[in-house]
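J.: whatever this is, show me its structure:
(one chain, ligands or ions: 2)
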Amino acid sequence: MTQAIKIYDTTLRDGTQGEGVSFTVAGKIRVAEKLDQFGIDYIEGGWPGSNPRDMAFFEEAQKLTLKHAKISAFGSTRRASLSAEEDPQLKLLLDAKTPVVTIFGKTWLLHVEEILRTTAEENLKMIEDSVRFLTENGREVIYDAEHFFDGFCDNPEYALKTLEAAKRGGAVNLTLCDTNGGKLVSEVNDIVSRVVAHFPETPIGVHCHNDSGLGVAVSLAGVESGAALVQGTINGVGERNGNGNLTTIMPNLILKMGKELNCAANLHQLRDLSLFVDEMANRASDNSAPFVGPAAFAHKGGVHADAAAKVKHSYEHIEPELVGNRTRVLVSDMSGRSSVMMKAKEIGVDLDARSPELKDFLAELKELEFRGYGYEAADASFKLLLKRFLKGKKDELELIGYRVMVGHQSALNRTVSEATVQVKIGEEIHHTVAEASGPVGALDDALRKAIAPVFPEIMEVELIDFKVRILDSQHGADAITRVQIESTDGKEIWGTVGASDNIIEATWEALVDSMEYKILLESGE
Ligand SMILES: CC(=O)SCCNC(=O)CCNC(=O)[C@H](O)C(C)(C)COP(=O)(O)OP(=O)(O)OC[C@H]1O[C@@H](n2cnc3c(N)ncnc32)[C@H](O)[C@@H]1OP(=O)(O)O
Ligand SMILES: CC(=O)C(=O)O
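T.: Numbering: from 1, shown residues only. Ligands and ions are numbered 1, 2, ... in the order given. Next comes the predicted model:
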């Protein structure tokens, strides 16, 4: 029976060495639980000697009941000047009370001589002593051979001796690190094959950084050449350009390379895992991340959408649902009839593909995009546009007029905005006024007040995002401004758009569409 490839996650250690990545202790615990539920084999929680947060994590982690994963504490080999028993850092690794300890040691003589400033012989002793000390204290030890590939290229005999030292000490896995992330696929293939042949009885791992943009490729190459364990991080976070991205590596291993992984049954939760980790790290998600990003299966070109409508996999390398993602169609000035048909189906509007108006609608859409509207992230405005143009939908709100004033009160050191709105709903005119610190808030409040007597559900709507983009900045103050708004009623989130050479007018359009959409939702249409 083929052995499953083990997945070793270092998001909570190497991941946090990435610029802008940090977790709270509670966040680390929640990520560890999520990784365990997903079926990850090893979770590296941090470096106990490094900082109080990592110490606190290991305290808390002792209370966790994990289904499958083993938590690992990370550190280095002993200092050259100390025995393993005397080394305070190795003691802290034991104090972390994890079943697994991973230590990194030096492979490359450049580092041995110029960074550790010790001898080649002493480095071998440091590796063996440290691993033995930890195994004798009951730990499963994974040995991370730092700069393994660079060291091997410089002096292959010495590089292998460092691994032999770790093996003599009792390491259960020897992981080869492309620490500087500079190696190519062919080099990793060659070197991993040679190491696997040298250690036929010991599982070999790979830990590859992404400095050449090849973190995923070289990790897969490692497995192709016999590695049985892959280290990486969720969303590829990590030191400098990050680590091999597990959200790309895992689906490739399972779906493309046919490898057995403990987490294979949960692959459909991959996108959820990716979003969760970004959320816990307080980090914006990568829209175009392979497999898990919203753009991964989004078709914008009209020709692509047409083909995907006929044969779904004609422009999709896997079924998106396998990784918890979905096909999306982006409507824009690059759309054709098929894009509109697919989008209409996605948002629940029934259209006749043969309808002659569809051609006019496409022309209108392209004209609106040319004037600055953008419908890619504004499904609600697109649905309203479709219904107005092709279904003869009448708007509920008829604008009589609005006015916005913005002022500054020096004595109170505050800005204040006042909006008045007059809209006709049915036969009645509603005239309201509202005050807020900014003009958008004031306009939003005044508009709701005007609508609420007729459509009280409007008070459930909350504006959650407001984006402004100047489209042709060379026109200075007269440039076209696109305003994109995201709203929610606590059940659904929707996007609307407005465009004008006046930012308040663009905002008004996006706000009105948002309210019209909520009324449409309530009507059940
Ligand atoms: C490849 C990797 O990603 S390895 C992980 C890197 N991660 C981190 O560094 C994050 C956590 N690190 C830390 O919090 C701190 O660096 C600590 C607590 C570990 C050490 O802090 P300090 O004692 O102040 O040392 P400092 O960070 O300045 O230097 C690192 C020391 O480790 C030594 N060292 C580096 N690698 C090894 C190794 N594999 N084995 C033994 N010693 C090592 C260096 O020689 C240096 O010691 P020296 O100053 O006596 O020459
Ligand atoms: C161990 C490790 O993080 C590295 O060598 O990159």
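
J.: pull out the buried positions in the helix ranked longest in the chain.
T.: Longest helix in the chain by number of residues (criterion: DSSP state H): helix 503-523. For helix 503-523, burial by neighbour count (16 or more other C-beta atoms under 10 Å) applies to 503-504, 506-521. All C-beta spots, glycine's among them, are computed from the backbone N, C-alpha and C.

J.: rounded mean pLDDT for it, please.
T.: Helix 503-523 shows a mean pLDDT of 96.

J.: give me the spatial nearest neighbour of the residue nearest to the spatial centre of the chain, chain neighbours excluded.
T.: Nearest residue to the geometric centre of the chain (C-alpha atoms, centre = their mean): residue 285, 3.7 Å. Excluding the flanking residues, the one nearest residue 285 by C-beta to C-beta, 6 or more residues apart in numbering is residue 278, at 4.6 Å.

J.: show me what contacts the one you found?
T.: Residues near residue 278 by C-beta atoms under 8 Å, 6 or more residues apart in numbering: 235, 284-285.

J.: where's residue 223 relative to ligand 2, distance?
T.: 18 Å (C-beta to the nearest ligand atom, to the nearest Å).

J.: may I see the buried residues of the helix or strand containing that residue?
T.: Assigned by DSSP states H and E, residue 223 belongs to helix 215-224. The neighbour-count criterion (16+ other C-beta under 10 Å) identifies 215-223 as the buried residues of helix 215-224.

J.: that one near ligand 1 anywhere?
T.: No: counting by C-beta under 6 Å from any ligand atom, ligand 1 is not contacted by helix 215-224; separation bottoms out at 13.8 Å.

J.: return the distance of that helix from the chain's centre.
T.: Computed by C-alpha atoms, centre = their mean, to the nearest Å, the chain-centroid distance of helix 215-224 equals 21 Å.

J.: what's the helix or strand following it packed up against?
T.: Of the helices and strands lying after helix 215-224 in sequence (DSSP H and E), the nearest is strand 229-232. Under the contact criterion of 3 or more C-beta pairs under 8 Å, 6 or more residues apart in numbering; DSSP states H and E, strand 229-232 touches strand 6-9, strand 173-178, strand 204-208, helix 215-224, helix 246-251.

J.: strand 229-232 and ligand 1, any residue contact?
T.: No: counting by C-beta under 6 Å from any ligand atom, ligand 1 has no neighbours in strand 229-232; the shortest distance is 11.0 Å.

J.: now name the helix or strand holding the residue nearest to residue 285.
T.: helix 270-280.

J.: again, but for residue 94
T.: Using DSSP H and E, residue 94 falls in helix 88-95.

J.: strand partners of the helix or strand following that helix, parallel vs antiparallel please.
T.: Downstream of helix 88-95, the first helix or strand assigned by DSSP H and E is strand 100-106. Using DSSP bridges, the strands paired with strand 100-106 are strand 70-76 (parallel), strand 140-146 (parallel).

J.: counting neighbours, what do you get for the residue nearest to residue 326 when sequence neighbours are not counted?
T.: Residue nearest to residue 326 in three dimensions, not counting chain neighbours: residue 320, with 5.2 Å by C-beta to C-beta, 6+ apart. When neighbours are counted by other C-beta atoms under 10 Å, residue 320 registers 19.

J.: could you check how far residue 320 is from ligand 2?
T.: The value you get for residue 320 to ligand 2, if C-beta to the nearest ligand atom is used, is 32 Å.

J.: quick check, residue 417 in a strand?
T.: Yes: when DSSP: H, G, I helix; E, B strand; the rest coil is applied, residue 417 is found to be in a strand.

J.: what separates it from ligand 2, distance-wise?
T.: Taken as C-beta to the nearest ligand atom, the span from residue 417 to ligand 2 is 52 Å.

J.: cool, residue 312 as well?
T.: Distance from residue 312 to ligand 2, by C-beta to the nearest ligand atom: 40 Å.

J.: pretty sure that residue sits against residue 321.
T.: No: in this structure, residue 312 is not within contact of residue 321 by C-beta atoms under 8 Å, at 10.8 Å.

J.: could you pull up the residues touching the closest residue to residue 99 other than its chain neighbours?
T.: Leaving aside its chain neighbours, residue 99 sits nearest to residue 70 (5.0 Å; criterion: C-beta to C-beta, 6+ apart). The contact partners of residue 70, by C-beta under 8 Å, 6+ apart, come to 41-43, 98-100, 140.

J.: drop anything exposed from these.
T.: Looks like the contacts of residue 70 have 41-43, 98, 100, 140 buried, using 16+ other C-beta under 10 Å.

J.: closest to ligand 2 out of these?
T.: Comparing those against ligand 2 with C-beta to the nearest ligand atom places residue 42 closest, at 13.4 Å.
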